[in-house]
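Engineer: Predicted structure and sequence below. I'll ask about it afterward.
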Amino acid sequence: MVMSSRGIVATEHPLASQAGATILARGGHAVDAAIAANAVMGLVSPMMNGVGGDLFAIVSEKTTGQLHGVNASGWAPAGLSLDFLRGAGLTSMPQSGIHSVTIPGAVAGWSLLLDRFGRKSFAEVLSSATAVAEEGFPVSEIVADEWAASEGVLRSDSNATQTFLQAGRAPRAGELFRNPDLAWTYRQISEGGSDAFYRGEVARRLLNCSATHGGTMATADLAEYAAEWVDPISTRYRGWDVYELPPNGQGIAALMMLNMLELFPLRDHGHNSVEALHALIEAKKLAYADMLRHVSDPRFAQLPIAGMLSKAYARDRAKSIDLDRASPEMPAGEVPTHVGDTTYLSVVDAEGNMVSLIQSVFGPFGSGLVPEGTGFALQSRGGLFTLDPTHPNALAGRKRPLHTIIPGFMAQGDVRIAFGIMGGWNQSQAHAQFISNVVDHGLNIQAALEAARFTKITFTGCDVLMEDRVSERVRAGLEQKGHDIRLQGAFSSMVGGGQSVMRDDAARVNYGGSDPRKDGAAIPEPFPY
C-alpha cells in the first residue's frame, strides 16, 4: 500500500493521479482532486469514460461524519420511446448508435460536487487535463490494446475517426496523442460551468450530432437535466458498515450478496477456497436475478429496496444455495414489500475527506459517435433499457436505465475505505469479493485488489470466468460441483480493475491501493517545497 499523512489519489493512470494530487497540494478538497483526476482519465482512457458519459460518487465528509451520494446518470430523450423504436423496426435496444445515447450526466455531477464541497473553480480543476490534451501524452500499454480493439467502432463515424484515429489507426503504446477538441470542451466548461455543456455551444454540437444521425435529443432534454443528491443504502457485514448507492444502479446486488454470504463461514474455509468461491458464485446468481428483475429508475416504479436488503430475505434466498452443486439458473425471488466500460477512482485528502467516484461511457467508446469538434464520445447507456413494456426497466422518455457503474464505501470504527472495481456486470460481484478479502481474510486494500477474482457476466448457466492464479486444485473442486470454469490470464481485464483509498482516523494516516490489472497508480499528495 501507499501510505501518507497527506492526501492520496488512486486512479487508473499516473497522470490522472498526479493531477489530483497536485490539486490537493494546492489546498483542494478531495472532491476537487477527484474531478481533476476524472477529467484527465477522460482524456487518457477515452474508450472507458469521459464527459459524454455518466457519473456516480460517494463523498465521506470528515467534519460531519456524513456520507453523501451523487447520481449523475442521464435520462433518455423525451422523444425516445418504445413506439419510436418499434416504428424504426427495432425489437431490442440498440447497443450503439444514436438511439443508445442518453443525456451525459458527468459534467452535471462535477458541478453538483464542486458547488457543495469544492474549494477550487472549474478552471483550476480542469487545468491539468486541458494542458495535457493540448500538449499530448504517451498512450499507455493497456489503453493502447483497448484502443486498437475499438477501431471498427470508431471507423463507423467520421468524427470519431478524425478524433481518435488521427494516424489512420489507433495510437500505439508510447505514441503521443493530442486531443485539441477535448481541450476546447474543457475550456468551455472552465469558463461557463455546466451551463456551457448543457445550454451553450457544447450543447449545440450535441444536438447537431443527434439530428445528423436521426436521433430524438431536443434542447430541453439537455437544458432541463440535473444530477441529484441521494442517500447511500447500506448493510452491516461482520461488523463493517458497507455502503452503495440506491437504484437505478446495481450496487444493491453487492449488499444482497453480503447478506447471504454472512450466513456462510468464509473465514473458516480460507481465501479463494472451493467452499468460499462456491458460496460467492451462487450468491451472485441469486442477487443478480433479483437486481435484474426489480431495479429501474425509482422515479418511474416503486422499488422494494428495503425488502431486497432485509436480513430475513437474505436467509430465505440463501436456502436456495446447494453447497454441493452449482445451479444453472436462479429465478428472482418474491421480495417482501413491507420492509422501498468504465473508470473508477478514489481520493482521500489530508483532513480525511474521501471520494469514491466512478464514471463511464458504457461500451468501448460508448455509442461510437463523437459530436463534431468536441473530442469526446457519447455514451451508449440507453442500451440497458428493455423494450418489454411490462418490465420496470422499460424504455421511456426522461427515464434513467438500470445502471452498472457503482462506487463503494465501507467503515468500521476509525477506519474508512473508499473502493470500486469497474467492468459492467462484474462490479457488484467484484465489490463483494473485495469486501470479503478485507473482512473475512484480513487482506490490506492493495492485496484485496490484487487477489485473484472470478466473474460471471451471464445471468444463467454455470459458466464462470476465473483467473488462473486460483489453484488448479480449487478449480477442479469447483468443476466437481458443476461450475464451468472459463480460465483467464493471471491478471485478466475481464474481472475489472479497481482502486482504493483508506483512512485511519485515529492515526490520521491515509493508505492507497491500485490494481495491477490497469496502468494506474496511487499517488500521494506532495509536500510543499
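Structural biologist: Arrived safely, thanks for sending.
Engineer: my read: residue 272 touches residue 443, true?
Structural biologist: No: taking contacts as C-beta atoms under 8 Å, residue 272 lies outside contact range of residue 443: 10.8 Å. All C-beta atoms are positioned from the backbone trio N, CA, C, and that covers glycine.
Engineer: Tell me which of the two has more neighbours.
Structural biologist: Higher neighbour count among residue 272 and residue 443: residue 272, with 22 against 17, using other C-beta atoms under 10 Å.
Engineer: if I pick the residue nearest to the more buried one when sequence neighbours are not counted, what's in contact with it?
Structural biologist: Closest residue to residue 272 apart from its sequence neighbours, by C-beta to C-beta, 6 or more residues apart in numbering: residue 470 at 5.5 Å. By C-beta atoms under 8 Å, 6 or more residues apart in numbering, residue 470 lies in contact with 272, 277, 452, 454.
Engineer: doesn't residue 470 fall inside a helix?
Structural biologist: No: Residue 470 is assigned coil when assessed by DSSP: H, G, I helix; E, B strand; the rest coil, not a helix.
Engineer: thought residue 403 was touching residue 73?
Structural biologist: Yes: counting by C-beta under 8 Å, residue 403 does reach residue 73; the two are 5.3 Å apart.
Engineer: tell me, what's touching these two both at once?
Structural biologist: 54, 56, 248-249, 381.
Engineer: Phi first, then psi, for residue 102.
Structural biologist: Backbone torsions for residue 102, taken as degrees, to the nearest 10, come to phi -110, psi 160.
Engineer: what's near enough to touch it?
Structural biologist: 54, 73-77, 379, 381-382, 400-401.
Engineer: Give the rounded mean pLDDT of stretch 463-472.
Structural biologist: In this model, stretch 463-472 has an average pLDDT of 97.
Engineer: for stretch 499-510, which positions count as buried?
Structural biologist: 499-503, 510 (16 or more other C-beta atoms under 10 Å).
Engineer: How far does it stretch from one end to the other?
Structural biologist: End-to-end distance for stretch 499-510: 14 Å, by C-alpha to C-alpha, to the nearest Å.
Engineer: Would you mind listing the outside residues contacting it?
Structural biologist: By C-beta under 8 Å, 6+ apart, stretch 499-510 touches 1, 3-12, 344-348, 350, 352, 354, 414-420, 434, 445-446, 448-449, 511-515, 518, 520, 522, 524.
Engineer: out of the contacts of residue 102, who's nearest residue 137?
Structural biologist: Closest approach to residue 137 among the contacts of residue 102 (C-beta to C-beta): residue 379, at 22.6 Å.
Engineer: The contacts of residue 102 in strands, which ones?
Structural biologist: Secondary-structure check on those using DSSP state E: residues within strands are residue 54.
Engineer: would you turn the contacts of residue 102 into CSV with neighbour count, pLDDT and distance to residue 461?
Structural biologist: Compiled in CSV, the contacts of residue 102 are given as follows (neighbours: other C-beta atoms under 10 Å; pLDDT from 0 to 100; distance: C-beta to C-beta, whole Å):
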residue, neighbour count, pLDDT, distance to residue 461
54, 31, 98, 29
73, 30, 98, 29
74, 26, 98, 32
75, 22, 98, 33
76, 26, 98, 30
77, 24, 98, 35
379, 31, 97, 29
381, 31, 96, 26
382, 28, 97, 26
400, 28, 97, 29
401, 28, 96, 24
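Engineer: still on that earlier bit, wait, which of the buried residues of stretch 499-510 is closest to residue 326?
Structural biologist: Nearest to residue 326 among the buried residues of stretch 499-510, counting by C-beta to C-beta, is residue 500 at 30.0 Å.
Engineer: And the buried ones among the contacts of stretch 499-510, selectable in ChimeraX?
Structural biologist: Buried members of these, defined by 16+ other C-beta under 10 Å, are picked up in ChimeraX with:
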select :1,4,6,7,8,9,10,11,12,344,345,346,347,348,350,352,354,415,416,417,418,419,420,434,445,446,448,449,511,512,513,514,515,518,520,522,524
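Engineer: Domain map for the chain?
Structural biologist: 7-56+64-229+343-384, 233-341+412-524 (automatic domain parsing).
Engineer: hang on, the earlier thing: got JSON lines for the contacts of residue 102, with distance to residue 184 too?
Structural biologist: Below are the contacts of residue 102 laid out as JSON lines (distance: C-beta to C-beta, whole Å):
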{"residue": "54", "distance to residue 184": "22"}
{"residue": "73", "distance to residue 184": "25"}
{"residue": "74", "distance to residue 184": "22"}
{"residue": "75", "distance to residue 184": "26"}
{"residue": "76", "distance to residue 184": "27"}
{"residue": "77", "distance to residue 184": "25"}
{"residue": "379", "distance to residue 184": "20"}
{"residue": "381", "distance to residue 184": "24"}
{"residue": "382", "distance to residue 184": "26"}
{"residue": "400", "distance to residue 184": "28"}
{"residue": "401", "distance to residue 184": "30"}
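Engineer: where along the stretch 51-200 of the chain do the strands fall?
Structural biologist: For the stretch 51-200 of the chain, the strands defined by DSSP state E, counting those that start in this stretch occupy 54-60, 67-72, 137-138, 176-177.
Engineer: mind checking pLDDT for the most centrally placed residue in the chain?
Structural biologist: Centroid check for the chain by C-alpha atoms, centre = their mean gives residue 405 as the closest residue, at 3.2 Å. Here the pLDDT value assigned to residue 405 is 95.
Engineer: need the contact list for it.
Structural biologist: Residue 405 makes contact with 54, 56, 249, 342, 358-360, 422, 427 under the criterion C-beta under 8 Å, 6+ apart.
Engineer: Tabulate the CA atom coordinates of stretch 464-482 in PDB.
Structural biologist: C-alpha atoms of stretch 464-482 as PDB (Å, rounded to 0.1, in the frame of the first residue of the first chain):
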ATOM      1  CA  VAL A 464     -17.700 -18.600 -14.600                       C
ATOM      2  CA  LEU A 465     -14.600 -16.700 -15.700                       C
ATOM      3  CA  MET A 466     -11.700 -17.200 -13.300                       C
ATOM      4  CA  GLU A 467      -8.100 -16.100 -13.200                       C
ATOM      5  CA  ASP A 468      -5.600 -18.800 -13.400                       C
ATOM      6  CA  ARG A 469      -4.000 -17.800 -10.100                       C
ATOM      7  CA  VAL A 470      -6.800 -19.700  -8.400                       C
ATOM      8  CA  SER A 471      -5.200 -23.000  -7.800                       C
ATOM      9  CA  GLU A 472      -5.800 -26.000 -10.100                       C
ATOM     10  CA  ARG A 473      -7.000 -28.000  -7.100                       C
ATOM     11  CA  VAL A 474      -9.600 -25.400  -6.200                       C
ATOM     12  CA  ARG A 475     -10.700 -25.100  -9.900                       C
ATOM     13  CA  ALA A 476     -11.100 -28.900 -10.000                       C
ATOM     14  CA  GLY A 477     -13.200 -28.900  -6.800                       C
ATOM     15  CA  LEU A 478     -15.500 -26.200  -8.300                       C
ATOM     16  CA  GLU A 479     -15.900 -28.200 -11.500                       C
ATOM     17  CA  GLN A 480     -16.900 -31.200  -9.500                       C
ATOM     18  CA  LYS A 481     -19.700 -29.100  -8.100                       C
ATOM     19  CA  GLY A 482     -20.800 -28.400 -11.600                       C
END
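Engineer: and that stretch, how far out from the chain's middle?
Structural biologist: 27 Å (C-alpha atoms, centre = their mean, to the nearest Å).
Engineer: Check which residues of it are buried.
Structural biologist: By 16+ other C-beta under 10 Å, the buried positions in stretch 464-482 come out as 464-467, 470, 474-475, 477-478, 481.
Engineer: That's all I had, so thanks and see you.
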